[in-house]
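**Student:** Build me a model:
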Amino acid sequence: MAAETRVIVGIGEVLWDVLPSGKVLGGAPANFIYHTREIGGGDMQPLLVSCVGKDSPGKEILERWNDLSLSREFISADKIHPTGAVTVTIDSQGKPGYAIGENVAWDFLPENPQLRELAATTDAVCFGTLAQRAPASRKTIQDFLRQVGSEALRILDLNLRAPFFSRSVIEESLSLANILKVNDEEIRVLAGMFSIAGEEETIAAELMRRYPLRWIVLTKGEKGSVLYGAGRKFIHGGYPVKMVDSIGAGDAFAAAIAVGMLRNVNAEGLNDCANRLASFVCTCAGTMPAIPEEIKMMFR
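**Tutor:** Alright, predicted model coming up:
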């Protein structure tokens, strides 16, 4: 019997990351969808919901997406606003800095009946705070999340990019999520914002008490990750690698969480698979490297 196809959605920004070495396709939801396709296999249907401008950079994105054999069905084209771009700098430790253009196409993600139909069939959706910086896209994203079935994975990959987040957007996003992915810097931002004292485990427990979160996925860079859920915590020490840059590694980690959870991988295995994938991405330039078969096989 053929395996049931699972629909995985990334909703938010698609853009050009302008690196010191040149431009590459990027945006957290786009990276998430690419990695979902790479590790997911034939029983996963990854779909990006985003918007580009009706300009040359937008046309290039659509062509690149087509070259990757990914569906363009839910990527809209905006006649007024330009395609998004981010200027990326890399420090000596491979950590990126971002200068993010404003009033671009993905700030105006349109609602339409097709999105409501997609929401009804969605098994997992990943979203963040950056694409909610503008009212139009924020409404489209939050309405989509409210239309997704109650059993679907709703993964909030926080991705805080100052100054493009606020307490109100974070609170609304947490209320719509059932999985929170957050890094060790971001969890401290949340602790300060919500007046939660204590260590990471205490902060995670309090966030799970306040919001409908089944799991909190805490990433710690080269130190690995911790999964909080089912009344337990699961620690992974990570895979130290020779760093090129960390752009897209967190998005790959989120993709591993989505695919692994849909396949009912246990928490220890999920932690291991996600760390292997994210560590590999850190050894590559850009956000969408070809994934080795031995890593793909970990998810099959």
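**Student:** Could I get the contacting residues of residue 45?
**Tutor:** Counting by Cβ atoms under 8 Å, 6 or more residues apart in numbering, residue 45 makes contact with 5-8, 71. Backbone N, C-alpha and C define where each C-beta goes, glycine included.
**Student:** pretty sure it is in a strand, no?
**Tutor:** Yes. Counting by DSSP: H, G, I helix; E, B strand; the rest coil, residue 45 is found in a strand.
**Student:** gap between it and residue 5?
**Tutor:** Distance, residue 45 to residue 5, by Cβ to Cβ, to the nearest Å: 5 Å.
**Student:** what do you get for residue 118?
**Tutor:** Distance from residue 118 to residue 5, by Cβ to Cβ: 13 Å.
**Student:** Compare those two (neighbour count), which wins?
**Tutor:** In this view residue 118 and residue 5 are compared by other Cβ atoms under 10 Å, and residue 118 has more residues nearby, 21 against 11.
**Student:** burial measure for residue 8, as a count.
**Tutor:** Residue 8: 26 neighbours (other Cβ under 10 Å).
**Student:** for it, helix, strand, or coil?
**Tutor:** With three-state DSSP as the basis, residue 8 sits in strand.
**Student:** For it, name its beta-bridge partners.
**Tutor:** For residue 8, the beta-bridge partners are residue 46, residue 124 (DSSP bridges).
**Student:** Got the confidence number for it?
**Tutor:** We have a pLDDT of 98 for residue 8.
**Student:** Contact partners for it?
**Tutor:** By Cβ under 8 Å, 6+ apart, the residues touching residue 8 are 33, 36, 40, 44-47, 122-126, 258-259, 262.
**Student:** Ok, residue 246 next?
**Tutor:** Residue 246 is in contact with 94-96, 221, 281-282, counting by Cβ under 8 Å, 6+ apart.
**Student:** which among the contacts of residue 8 gets closest to residue 226?
**Tutor:** The closest of the contacts of residue 8 to residue 226 turns out to be residue 258 (Cβ to Cβ; 18.0 Å).
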